[in-house]
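A.B. asks: fold the following.
(2 chains)
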Amino acid sequence: MPTSFLKQPSPDAALPDSNGRFGEFGGRFVPETLVAALDQLEEEYLQAKQDPEFQSQLDLLLRDFVGRASPLYFAKRLTEKCGGAQIWFKREDLNHTGAHKINSTIGQALLTLRMGKTRVIAETGAGQHGVATATACAHFGLPCIVYMGEEDVRRQAPNVRSMRSMGAEIRPVTTGSRTLRDAVNEAMRDWMGSVKDTHYILGSVVGPHPFPMIVRDFQAVIGRETISQSQERFGRLPDAVVACVGGGSNAAGMFYPFVADTDVPLIGVEAGGFDNEPGHHASSLTYGKPGVLHGSFSYVLQDGDGQTDDVHSASAGLDYPGVGPEHSHWKKTERVEYRSCRDDEALDTFDLIAKTEGILPALESSHAIAKGMEVASERGKDEIVVVCLSGRGDKDADEIQRLRSEKGHH
Amino acid sequence: MSAIDDLFKQLETEGKKAFMPFITAGDPNIEFSGELLQSLDQAGCHLAELGIPYSDPIADGPVIQASYTRALNKKIKLESIFGMTTKIAPKLKMPIVSMVSYAIIYRQGMDNYLKNAIAAGISGAIVPDMPVDESAVFAKKCRALDFSLIQMITPTTSKERAVEIARQASGFIYYVSIAGITGERNALPPELIENLKWLKTQTDLPICVGFGISQPAHAVALREVADGMIVGSAIVRRIAAAEEDGKSNQAVIDDVASFAKEMLTAING
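C.D. replies: Numbers count the residues shown, from 1 in each chain, chains lettered A, B, ... in the order given. Predicted coordinates for the structure are as follows:
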């Protein structure tokens, strides 16, 4: 069935509601100490959204500093290999700093200045959000502290070097699983005591309201560009759109404009790790249950007591036991289909894309491409599948080498 | 009237203030927690806050976080915590309040959590990640069961909002002394006394102060304006010695009890 624009915007376009809920998901499960800062952030953001000066400042930076619009690229040899629908990549890897994360950090740095705050903190998993935050802070001259799990500091050394070069202070996190989830905890703890002068640039569409809304809105440029580029190139909408989901920011940014205005089928891809045993994957939507983590009500991976499960993914950026509340809503309403992609599939896809397209995709994005190929092979040659290539994979080369040698692939 | 309402009524008649130690359930093991509760009760403590270990506590500083991690590493389960309080609570004069993340309450189901906690002799809950805006449903269920839902007010809370929180709370108000995480501090914030005096004019509920309270001098400074004081990290740090310095359980219990007595003397003479 051909895809089309909706006659009127979906009611989902108006979410979150005034309580920060996407249907039943979202909300604000945080200590009272943070509530005032979240109120201030929400108020400031809603004003900025209506302020043409803020918007034109942001647009100019996205064009001249980030390098937008990012291209929509036809993966010709990959398409021939798959033998199904045409596969196109939305090239977020070509943004300054090499991933989609900067779309949101530039916006949030502008909000920081608007709120009169003088210090920025951030968490990072793969390091892409940390780099994007350090970049935005260097651009505006804001001091920047990045919390990063000790395990990720090891896995993502090149990004750690970039952040330090741009003047950010890296604070390795040694609590819990020493990955993204613990980095979020530490950033929140910092914010508890620094909330007066500090903005927390959260990296994904997770956390308490208004973060899931703000990050989605800043990332929605991905979906808006994809819609207009599709119309330009194809004279119509794509037949399916695929993006990877850890916390879910590139996917939320890609999907939201499609949810709001179109009936295009959307596929989110979670990290399937080794298998579906607890602790062996990071697929909250596929294997988890609704619950509370990091200030919001959404699908989570927890044990029967409510303790967060350890999770695993070869990709640091997807190695997270929760997911943005809007994705939970899209899952529940079946607007988006969520699939899970194993480590092995993602690693094989990384190799394949490197060799057939001359692109090193991030391991995160390799998950999306793997399932994008699956979706394409389910469809006819006249159809168009767009995959969000959320980041570049240079950062992953060493880790992939290590994983391959561990498994005796070489 | 919950056990906590009764407690404060009695303290008021006696002209006394409450001293409330916080301990983490299951650190270093659940039998120890049971013994410690009894010894704190015998020392004259007025209420115990029992921390339910949680994997992602964002309001807690390193000392309490580490104690949660120690307990969770030993696979502490809610069931064994409630099992311990079921046995110990009837022997105690002081009520027990659970300090528990909403993540845990939600996973059990609110009704189920309340049923099990009440059956286990627990009189109330402090849910540090459930601000007043998200608490209406749970607050209503607590009220119906005479289970106190203690809410927090902090230095970042606006006056208007503080009044609203006070209206929704039961048992007592937990006034957080500083904008920050739990942990010992040397000095109390200068505006704390003024804030407490103002809050006193806005509510009939008892007001107890926590976060950063760790020394007898703090108790002396606060006893004129607060109805009670909560001490966590200064106690949990002493308990950590059992695991980290190889101190015997009895020596740790004696150390904590003597610190509690020191604080009690500072509070009530």
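A.B. asks: contacts, neighbours, all on C-alpha from now
C.D. replies: Fine.
A.B. asks: need the helices for chain B, in chain order.
C.D. replies: Assigned by DSSP state H, the helices in chain B fall at B:3-14, B:30-42, B:62-73, B:78-88, B:102-108, B:110-119, B:136-144, B:159-168, B:192-200, B:216-222, B:233-244, B:249-268.
A.B. asks: out of these, flag the one nearest A:Met148.
C.D. replies: Taking CA to CA, helix B:62-73 is the member of the helices of chain B nearest to A:Met148, at 16.7 Å.
A.B. asks: quick check, A:Lys331 in contact with A:Gly324.
C.D. replies: No - with contact defined as CA atoms under 8 Å, A:Lys331 does not count as touching A:Gly324 (11.0 Å).
A.B. asks: who's more crowded, those two?
C.D. replies: Neighbour count, other CA atoms under 10 Å in any protein chain shown: between A:Lys331 and A:Gly324, A:Gly324 has more, with 31 against 17.
A.B. asks: what sits against that one?
C.D. replies: Contact partners of A:Gly324, counting by CA atoms under 8 Å, 6 or more residues apart in numbering or on different chains, are A:26, A:204-207, A:212, A:247-249, A:298.
A.B. asks: ok, B:Gly180 next?
C.D. replies: A:33, A:189-194, B:59.
A.B. asks: again with A:Lys196
C.D. replies: A:37, A:117.
A.B. asks: what helix or strand is it located in?
C.D. replies: When elements are assigned from DSSP states H and E, A:Lys196 belongs to no helix and no strand.
A.B. asks: distance check, it against B:Pro190.
C.D. replies: For A:Lys196, the distance to B:Pro190 equals 17 Å [CA to CA, to the nearest Å].
A.B. asks: what do you get for A:Ala260?
C.D. replies: Taken as CA to CA, the span from A:Ala260 to B:Pro190 is 51 Å.
A.B. asks: quick check on A:Val120: phi, psi?
C.D. replies: Backbone torsions for A:Val120, taken as degrees, to the nearest 10, come to phi -120, psi 140.
A.B. asks: thought it was touching A:Leu142?
C.D. replies: Yes - with contact defined as CA under 8 Å, A:Val120 counts as touching A:Leu142 (6.8 Å).
A.B. asks: need the contact list for the closest residue to A:Lys117 other than its chain neighbours.
C.D. replies: Leaving aside its chain neighbours, A:Lys117 sits nearest to A:Asp197 (4.7 Å; criterion: CA to CA, 6 or more residues apart in numbering or on different chains). Contact analysis of A:Asp197 by CA under 8 Å, 6+ apart lists A:116-119.
A.B. asks: check B:Ile58 too.
C.D. replies: A:31, A:185-186, A:188-189, B:181.
A.B. asks: quick one: those as a markdown table, columns for neighbour count and distance to B:Glu134 too.
C.D. replies: Formatted as a markdown table, these follow (neighbours: other CA atoms under 10 Å in any protein chain shown; distance: CA to CA, whole Å):
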| residue | neighbour count | distance to B:Glu134 |
| --- | --- | --- |
| A:Pro31 | 24 | 11 |
| A:Asn185 | 22 | 20 |
| A:Glu186 | 29 | 23 |
| A:Met188 | 30 | 19 |
| A:Arg189 | 21 | 21 |
| B:Ile181 | 24 | 21 |
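A.B. asks: tell me which two in the residues you listed are the farthest apart.
C.D. replies: Counting by CA to CA, the most remote pair of the contacts of B:Ile58 is A:Pro31 and A:Glu186, 14.0 Å apart.
A.B. asks: which one of the contacts of A:Asp197 sits in the busiest neighbourhood?
C.D. replies: A:Arg119 (21 neighbours).
A.B. asks: so what's the residue count around residue 244?
C.D. replies: No chain in the question, so chain A it is. 33.
A.B. asks: sorry, should have said chain B
C.D. replies: The burial count for B:Glu244: 9, using other CA under 10 Å.
A.B. asks: which parts of the stretch 101-250 of chain B sit against chain A?
C.D. replies: Contact residues (CA under 8 Å from any CA of the partner chain) of the stretch 101-250 of chain B with chain A: B:102-108, B:128-131, B:134, B:152-158, B:179-181.
A.B. asks: distance of whichever residue of chain B sits closest to chain A from A:Arg189?
C.D. replies: Per CA to the nearest CA, B:Gly180 is where chain B lies closest to chain A, at 3.7 Å. To A:Arg189, B:Gly180 is 7 Å away according to CA to CA.
A.B. asks: overlap in contacts of those two?
C.D. replies: Common neighbours of B:Gly180 and A:Arg189 (CA under 8 Å, 6+ apart) are B:Ala59.
A.B. asks: who's in contact with A:Ser405?
C.D. replies: Per CA under 8 Å, 6+ apart, neighbours of A:Ser405: none.
A.B. asks: what helix or strand is it on?
C.D. replies: Short version, using DSSP H and E: A:Ser405 is in helix A:397-406.
A.B. asks: could you find the closest non-adjacent residue to residue 200?
C.D. replies: Reading this off chain A. Nearest to A:Tyr200 is A:Ile121, by CA to CA, 6+ apart, at 4.9 Å.
A.B. asks: wait, chain B was what I had in mind.
C.D. replies: B:Ile207 (7.4 Å).
A.B. asks: that neighbour: how many residues sit nearby?
C.D. replies: Residues near B:Ile207, counting by other CA under 10 Å: 24.
A.B. asks: same question for the one 3 residues further on.
C.D. replies: Residues within reach of B:Gly210, counting by other CA under 10 Å, total 23.
A.B. asks: wait, it touches B:Ser177, no?
C.D. replies: Yes - contact status for B:Gly210 versus B:Ser177: in contact at 6.0 Å, counting by CA under 8 Å.
A.B. asks: that older thread, for the residue nearest to A:Tyr200, report the pLDDT, please.
C.D. replies: A:Ile121 is assigned a pLDDT of 98 by the prediction.
A.B. asks: which ones are touching it?
C.D. replies: A:Ile121 sits in contact with A:144-147, A:187, A:191, A:198-201, where contact means CA under 8 Å, 6+ apart.
A.B. asks: looking at this, it is in a strand?
C.D. replies: Yes - assessed by DSSP: H, G, I helix; E, B strand; the rest coil, A:Ile121 belongs to a strand.
A.B. asks: so how far is A:His199 from it?
C.D. replies: 6 Å.
A.B. asks: so what sits against both of the two?
C.D. replies: With CA under 8 Å, 6+ apart, A:Ile121 and A:His199 have common neighbours A:Trp191.
A.B. asks: centroid-nearest residue for chain B?
C.D. replies: B:Glu49 (3.3 Å; CA atoms, centre = their mean).
A.B. asks: so it makes contact with B:Met94?
C.D. replies: No - using CA under 8 Å, B:Glu49 is not in contact with B:Met94; the gap is 10.3 Å.
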